[in-house]
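1. Give the three-dimensional model of this entry:
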Amino acid sequence: MSEDGDAALPFVIAVANRKGGTGKTTTTVNLAAGLVRLGLRTLLIDFDSQGHAGLAFGAVAGRTEPTAHGVFSNGPQALEHAIVASSGKPGWPDLALADTRSPHPGGVVAPDLLVRALDVPRIREHYDVVVIDTPPSLDALMVTALTAANAAIVPFVPHPLSIEGVRQFSRVFFSVRLGAKPRLRHVALLPIMASPHVLVHRRMIDSLRQEFGDERILDPIRSDIRLAEAFGAHKPIFDYMPSGRGAQDYAALTASIVTRWKLGS
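-> Numbers count the residues shown, from 1 in each chain. Below is the predicted model of the structure:
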């Protein structure tokens with residue numbers, strides 16, 4: 001529940017960037033795990049057809065199992081059937097896994113499809129927050145996710161090419177925000193693999209700070225090889241290396257997001 005979300009629905013966060021290699025899935029996975037650690041009932045929806053968010057927890061949808069992408073072929077009711085419980089593992093979110101075989105919807109997709117999919121008792125009554133790993137593209141899946149979201153987090157590597165990707169995404173964000181009955185209120189930019197000692201990193205972050213405002217720039221996530229190792233071990237960073245930089249930074253990010261958007265209040 002949130003200060004500006006629909007009273008009946010969980011607070012929805014879309015983690016998005018049209019460019020790959022920006023730490024999007026790493027952020028989705030560890031933010032969702034961090035929210036669970038803070039006592040928030042969390043559902044992670046994997047809309048990226050690579051299926052990496054689920055794989056980070058060692059989960060891949062079988063050929064005949066329902067998936068998050070089922071909403072595009074079977075209607076909004078399909079989402080609740082795709083939810084896989086965390087099996088009581090502490091600090092792990094529930095999952096709605098990606099379909100890695102037929103991920104892209106055909107025909108016209110209603111922008112509010114995911115909003116309707118979330119508006120069912122199993123989701124309304126059982127989750128405080130939904131975190132969505134979006135595809136690295138600006139297609140119907142991205143627009144559907146943003147239409148359902150209250151907030152978007154945009155991870156980016158502080159490099160000139162990545163900065164242009166942030167600007168391109170911002171145009172989509174504001175287009176969705178100006179649409180009919182918008183839920184989308186917040187956007188926050190998250191520097192990934194950033195170092196205060198690298199001049200180009202400082203310049204790129206300062207450039208976005210001037211362009212989008214200081215309040216939209218989150219504290220950076222530092223480089224940490226343990227984040228990649230945790231993915232390979234199919235664990236959130238908090239389970240794999242709880243004392244490392246990655247765990248410290250994602251814990252700080254999660255706490256910041258909870259305070260910033262008043263999650264759980």
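
2. low-scoring pLDDT stretches of this structure, where are they?
-> Within the chain, the stretches with pLDDT under 70 are 1-7, 87-88, 102-108, 180-181.

3. Tell me, how many residues neighbour Val36?
-> Residues lying near Val36 (other C-beta atoms under 10 Å) number 24. Placement of C-beta: from N, CA and C, glycine included.

4. repeat for Arg245
-> 16.

5. Also Gln50?
-> The burial count for Gln50: 16, using other C-beta under 10 Å.

6. can you check Pro10 too?
-> Pro10: 25 neighbours (other C-beta under 10 Å).

7. Equivalent analysis for Met142, please.
-> Counted with other C-beta under 10 Å, Met142 comes out at 22.

8. again, but for the one 3 residues further on
-> Summarising burial for Ala145: neighbours were counted as other C-beta under 10 Å, giving 24.

9. List the residues that contact it.
-> Each residue near Ala145 by C-beta atoms under 8 Å, 6 or more residues apart in numbering is listed here: Ala14, Ala16, Ile45, Phe47, Leu114, Ile132, Thr134.

10. State the pair within the residues you listed that is farthest apart.
-> By the measure C-beta to C-beta, Ala16 and Leu114 form the most distant pair in these, at 13.3 Å.

11. now the helices for the protein?
-> With helices called from DSSP state H, the chain shows them at 24-37, 52-55, 70-74, 78-81, 113-118, 121-124, 140-148, 160-177, 199-212, 225-232, 237-240, 245-260.

12. Out of those helices, which one sits most buried?
-> Comparing the helices of the chain by mean neighbour count (mean count of other C-beta atoms under 10 Å), helix 24-37 comes out on top with a mean of 26.

13. what inclination does that one have with respect to helix 225-232?
-> Put simply, helix 24-37 runs at 80 degrees to helix 225-232, going by axes from the mean of the first three to the mean of the last three C-alpha atoms, to 10 degrees.
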